[in-house]
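*Asks:* Take this sequence and fold it.
(2 chains)
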Amino acid sequence: MIEWLLIVVDIVSWILLIIGSICVLIGGIGVLRMPDFYSRIHAASLTDTMATLALFSGMILQAGFSLAAAKLFAIMLFLLLTGPTATYALANSALLSGHKPKAAVLEKKVE
Amino acid sequence: MIFAGVSCAILVTMVLAIARAIKGPTVYDRLLAVNMFGTKTALLLAVIAFLFGRADFLDLALAYALINLVGVLAVLEFFQNRIDANGDASGD
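*Replies:* Predicted coordinates:
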């Protein structure tokens, strides 16, 4: 009875790890391709949150019920909490220093 | 085996972040790339911990994530009240 449970846990963690690595790649490509700084932040924050969530939950499943799983959960919680704060601080200081989003510049030209 | 694939994906993302850091017109793109590079290092450390089967890498990953956040916020304070040299988004 236990065997198929372990197999299911393995499969689920593999799927989560694959989803996490795909999201990390999408975010990385997005950071390069986005036209404007503020849309690049959007792409970078994708890697921060989705990939961290998928990768770490996949690894927690692999680690099973142990100290490593607790450490992994602590790291995941920390990264999920501080990723958006760092992104907010970055966007805030960029805006405060007069870095206009691209769309705002285009609107001026249209009038 | 899967962890080798995941670490390759993270390494590719770090190379993309370095490419953005080099290409980035404004200083904030470079800061974004540095921040992304730091969090991906923490992620890579956790994956390597599983790849090599050594649990003490997880403490390294946690410490690195903490220090990376403090570093990025400290540098941000430095750029906080500096009026951007090229004014609006003419940089990129």
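*Asks:* pLDDT score for the residue nearest to the spatial centre of chain B?
*Replies:* The geometric centre of chain B, computed from its C-alpha atoms, lies nearest to residue B:37 (C-alpha atoms, centre = their mean), at 1.8 Å. Among the per-residue scores, residue B:37 shows a pLDDT of 92.
*Asks:* Report the contact partners of it.
*Replies:* Counting by C-beta atoms under 8 Å, 6 or more residues apart in numbering or on different chains, residue B:37 touches B:14, B:17-18, B:21. To be clear about C-beta, it is placed using only N, CA and C from the backbone, and glycine gets the same treatment.
*Asks:* can you check residue A:33 too?
*Replies:* Neighbour list for residue A:33: residue A:43 [criterion: C-beta under 8 Å, 6+ apart].
*Asks:* before we move on, the earlier item: can you flag the buried ones in the contacts of residue B:37?
*Replies:* B:14, B:17, B:21 (16 or more other C-beta atoms under 10 Å in any protein chain shown).
*Asks:* Which residue, other than its chain neighbours, is closest to the last one?
*Replies:* If I follow you right, that is residue B:21. Of all residues beyond its chain neighbours, the one nearest residue B:21 is residue B:33 (3.6 Å), with distances taken as C-beta to C-beta, 6 or more residues apart in numbering or on different chains.
*Asks:* Using the three-state scheme, assign the one you found.
*Replies:* helix (DSSP: H, G, I helix; E, B strand; the rest coil).
*Asks:* Residue A:31 is in contact with that one, correct?
*Replies:* Yes. The pair formed by residue B:33 and residue A:31 meets the contact definition of C-beta atoms under 8 Å, at 7.1 Å.
*Asks:* which residues do these two both contact?
*Replies:* When contacts are counted by C-beta under 8 Å, 6+ apart, residue B:33 and residue A:31 have B:17, B:20 as shared neighbours.
*Asks:* In terms of neighbours, single out the busier of these two.
*Replies:* Neighbours around residue B:33 and residue A:31, counted as other C-beta atoms under 10 Å in any protein chain shown, are more numerous at residue A:31. The numbers are 28 against 24.
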